[in-house]
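J.: Here is the input, now give the coordinates:
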Amino acid sequence: MIKQPIVPVALKEWAVNIEALANGTQILLMRKGGIHEETKEFQLKEEIFYLFPTYLHQKKELLKSEFQSMIDETLKQFDEKKKLVDIQYLAAVVEDIQLQDENLIEKLLPYHIWSKNFAETKLHWKKQSPLHVLLVRVYRLEQPIHISLKDEYNGCKSWVFIEEKLPQTNAIPVLTDEEFAKQVKIIHEILENGE
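T.: Predicted coordinates:
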């Protein structure tokens, strides 16, 4: 169990990637920053945050082939006319690993849904800046939170500060302590040994 964040902040992420985190397929996020970021680079604003699903710019070709159909599944949950977003998950950052080594990015390929091309493009965009690989523990809210989709939440930015008062609800980890620790250990071994 985890408490909801004091500051109602959410990280915008493709719905398909949130689904992969929620079903335990991966425990990592890769970030460089959005075009409209204040500093043009990703900054970790909070250690615990909501996951804010985005739908409109998801691209199948940026996912490994076996995960491409997940985009269609996420789109079934999206109704732009309702102007609502369902927040179903919290994430707690366990580690913010900053990488600039293409070989290490390639070694992480089996541990996320993104295509090799996507991961390498992320790394090479603004080459002087490191790629943030966030190891996150994800929690499912017992009661999803429905928020209004305000204009200020749109745009190519990483963080959204939710203006509405959010109800408190319990949150349960999607992976057991043992399952999560096992995945963290594997990633650490890859990064330390390059294997």
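
J.: longest single strand anywhere in this protein?
T.: Longest strand of the chain, by residue count under DSSP state E: strand 131-148.

J.: Residue most distant from the centroid, the chain?
T.: Going by C-alpha atoms, centre = their mean, the residue of the chain most distant from its centre is Asn193, 25.4 Å out.

J.: what's the weakest-modelled helix or strand in this structure?
T.: Lowest on mean pLDDT, DSSP states H and E among the helices and strands of the chain sits helix 116-124, with a mean of 67.

J.: So what pairs up with His146 in the strands?
T.: Beta-bridge partners recorded for His146 (DSSP bridges): Asp86.

J.: And it, how far from Gln88?
T.: 10 Å (C-beta to C-beta, to the nearest Å). (C-beta placed from N, C-alpha, C; glycine too.)

J.: May I have the secondary structure class of the closest residue to Trp159 other than its chain neighbours?
T.: Spatial nearest neighbour of Trp159, chain neighbours left out: Lys45 (5.2 Å); criterion: C-beta to C-beta, 6 or more residues apart in numbering. With DSSP: H, G, I helix; E, B strand; the rest coil as the basis, Lys45 sits in coil.

J.: count of residues packed around the closest residue to Ala91 other than its chain neighbours?
T.: In this structure, Ala91 finds its nearest non-sequential neighbour in Val136, 4.2 Å apart by C-beta to C-beta, 6+ apart. A count of neighbours around Val136, defined by other C-beta atoms under 10 Å, yields 24.

J.: do Tyr139 as well
T.: With other C-beta under 10 Å as criterion, Tyr139 counts 24.

J.: mind checking pLDDT for it?
T.: With respect to pLDDT, Tyr139 has a value of 96.

J.: That one is in contact with Pro5, isn't it?
T.: No: counting by C-beta atoms under 8 Å, Tyr139 stays clear of Pro5, with 11.0 Å between them.
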